[in-house]
Structures are given as structure tokens and as C-alpha cells.
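Make a model of this:
(one chain, ligands or ions: 1)
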Amino acid sequence: PATGPLAGRHALVTAGPTHEPIDPVRYLANRSSGRQGYEIAESLAALGARVTLVSGPVDLPPLTGVTLRRVETARQMLAACRDALPCDIAVCAAAVADWRVAGEATSKIKKTAGAPPPTLTLVPNPDILTELSTPGPNRPALVVGFAAETDTVAQHAAAKRQRKGCDWIVANDVRPETGIMGGMENEIILITGDGAEQWPRMDKQDVAAHLADRIATFFTPDFSS
Ligand code: C5P
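Numbering: from 1, shown residues only. Model (predicted):
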């Protein structure tokens with residue numbers, strides 16, 4: 001049996017981008033690598049949690065000791081998260097596409113000489129973090145969201161915490177010059193009910209380890225690594 005401060009706890013982690021089909025060969029996506037979410041899953045498992053990792057399409061190998069559910073679209077990600085409940089901890093690190101293409105074509109859209117290019121109509125995707133944060137019998141004791149922002153990071157993230165109903169927000173600055181999105185390092189502000197904490201820039205692996213420690217302390221206040 002698992003040992004560690006999170007033994008007996010079930011953690012759900014979402015990671016990676018989602019792919020939203022346009023037709024059978026094309027899709028909309030984003031630059032998320034999945035790295036931060038995978039590191040968090042690994043760190044939570046290292047502290048004894050049973051971890052379900054719901055992952056969009058990424059280039060990362062599966063993690064030993066972590067249950068992997070691979071999905072492509074936001075709707076599949078939501079379904080896999082619902083299937084994983086109940087859990088004690090949910091960490092939504094996935095960069096879920098905000099929109100999908102309405103009426104995905106079932107055969108490849110043809111390019112016809114002289115014809116105008118197709119117009120894509122987008123419709124909103126379900127918000128997984130908001131659904132997991134909604135009060136109810138299955139609500140995890142601790143729900144952590146991410147906020148990728150490019151300006152006034154802390155204010156936007158605090159507002160997002162309220163809007164989504166989650167407990168904590170891990171906010172990061174994804175302006176291209178930071179190299180964070182798709183990169184190895186991260187610099188975060190952790191927003192909890194008690195306020196905002198700026199963490200120094202560190203490897204995503206170290207962000208994950210520190211976050212997992214904070215999560216362990218939430219459940220076992222006298223735990224410290
Ligand atoms: O609204 P925004 O995308 O900026 O919020 C980011 C947070 O919400 C992340 O934790 C992300 O995983 C989560 N999210 C989600 N489902 C969506 C959109 C975002 O779970 N459809």
C-alpha cells in the first residue's frame with residue numbers, strides 16, 4: 001500500500017492541450033506541452049496519492065504508478081474527469097480549448113479552385129474546472145485551477161478563482177518572452193483564500209513538488225517535507 005502524507009487520497013489531474021476537430025484530418029489546438037500537469041501527477045503520486053491523469057494529446061511518456069486516461073477533445077476530457085470521480089484533489093492543469101468548431105465535418109473539407117475559404121463557426125466548450133468546483137456531494141475537498149495570463153497576472157487570477165469557484169489558482173505569465181508555455185521552467189503566483197504568493201522562477205518539476213507539498217499540508221497540516 002502507498003505511504004506518504006497523501007496515502008488514501010485520490011487525485012485527478014488534467015494536463016495538455018485539447019484537439020478540437022475541424023474535419024477528420026484538421027484540428028484546432030494550442031501550445032501546451034502537458035509538462036506541468038505530468039510533473040504534478042508524478043509529485044502527488046510520490047506523496048502517496050492514487051492519481052488519475054486525464055491527458056490531452058502530448059509527446060510525454062506515461063508515468064509509472066499513475067492511471068492515464070488519454071483524450072483528444074474537451075468533451076472527452078470532461079467525460080473522463082466525471083468517470084474518475086470521486087476524488088479528494090483535482091488539479092486542472094490542462095489548456096482546454098475554449099471553443100470547438102460547430103458542426104465538425106465528417107469528411108475532409110475540399111479546397112475548390114476559385115471558391116472562397118470555409119468559415120469556421122466556434123461554440124464554447126464545457127468548463128471542466130467550473131464543473132469540478134461546483135458544490136455537491138462529489139466536489140473534491142481541494143480544487144486547483146491554473147490561469148495563464150499575459151498581463152496583471154495576480155488580479156486576473158484572483159478574479160478567475162472567484163468566477164470558477166475553485167480553491168486555489170496557480171497563475172503564470174505566458175507572454176511569449178517568458179518562454180513558459182511549452183518550456184521547462186515556470187514562475188507562478190499561488191492564489192489561495194489567504195492571498196497571493198509569488199514563487200521564484202524554477203523548473204516545472206520543482207513547481208510541481210512544491211505544489212504537492214502544499215496540497216499535502218492542506219490535508220495534513222503538520223506535514224512538512
Ligand atoms: O478560463 P481559463 O481557460 O483561463 O481558465 C484556466 C483554468 O480553467 C485551467 O485550470 C484550465 O484547466 C481550466 N479550464 C477547464 N475547462 C475549460 C477551460 C479551462 O477546466 N473549458
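
Any idea what residue 28 is bridged to?
residue 20 (DSSP bridges).

May I have the residues that are in contact with it?
Counting by Cβ atoms under 8 Å, 6 or more residues apart in numbering, residue 28 touches 19-20, 22, 97, 99-101. For every residue, glycine as well, the C-beta is placed using N, CA and C.

Distance to the ligand, neighbour count and pLDDT added to the residues you listed, as TSV?
Shown next, in TSV, are the contacts of residue 28 (distance: Cβ to the nearest ligand atom, whole Å; neighbours: other Cβ atoms under 10 Å; pLDDT from 0 to 100):
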residue	distance to the ligand	neighbour count	pLDDT
19	14	20	98
20	11	24	98
22	18	17	97
97	7	23	98
99	9	14	98
100	10	22	98
101	15	18	97
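
In terms of helices and strands, where is residue 11?
strand 10-15 (DSSP states H and E).

Count the neighbours of residue 137 for me.
6 (other Cβ atoms under 10 Å).

Look at it and report its pLDDT.
Reported pLDDT at residue 137 in the predicted model: 96.

Surely it forms part of a strand?
No: read with DSSP: H, G, I helix; E, B strand; the rest coil, residue 137 is coil and lies in no strand.

Which of the helices and strands in this protein ranks last by mean pLDDT?
Ranked by mean pLDDT, DSSP states H and E, the helix or strand of the chain with the weakest confidence is strand 185-186, at a mean of 90.

In PDB, please show the C-alpha coordinates belonging to stretch 59-70.
Taking C-alpha atoms only, stretch 59-70 is exported to PDB below (Å, rounded to 0.1, in the frame of the first residue of the first chain):
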ATOM      1  CA  ASP A  59       4.600  13.900 -26.500                       C
ATOM      2  CA  LEU A  60       5.300  12.700 -23.000                       C
ATOM      3  CA  PRO A  61       5.600   9.100 -21.900                       C
ATOM      4  CA  PRO A  62       3.100   7.600 -19.400                       C
ATOM      5  CA  LEU A  63       4.100   7.800 -15.700                       C
ATOM      6  CA  THR A  64       4.700   4.700 -13.700                       C
ATOM      7  CA  GLY A  65       2.200   4.300 -10.900                       C
ATOM      8  CA  VAL A  66      -0.300   6.800 -12.400                       C
ATOM      9  CA  THR A  67      -3.500   5.800 -14.200                       C
ATOM     10  CA  LEU A  68      -3.500   7.500 -17.600                       C
ATOM     11  CA  ARG A  69      -6.700   8.400 -19.500                       C
ATOM     12  CA  ARG A  70      -5.900   9.800 -22.900                       C
END
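
And that stretch, what's buried?
Along stretch 59-70, these residues count as buried under the neighbour rule (16 or more other Cβ atoms under 10 Å): 60, 63, 66-69.

Also stretch 84-99?
84, 87-97.

Check the offset of it from the chain's centre.
Centroid separation for stretch 84-99 versus its chain: 5 Å, with Cα atoms, centre = their mean, to the nearest Å.
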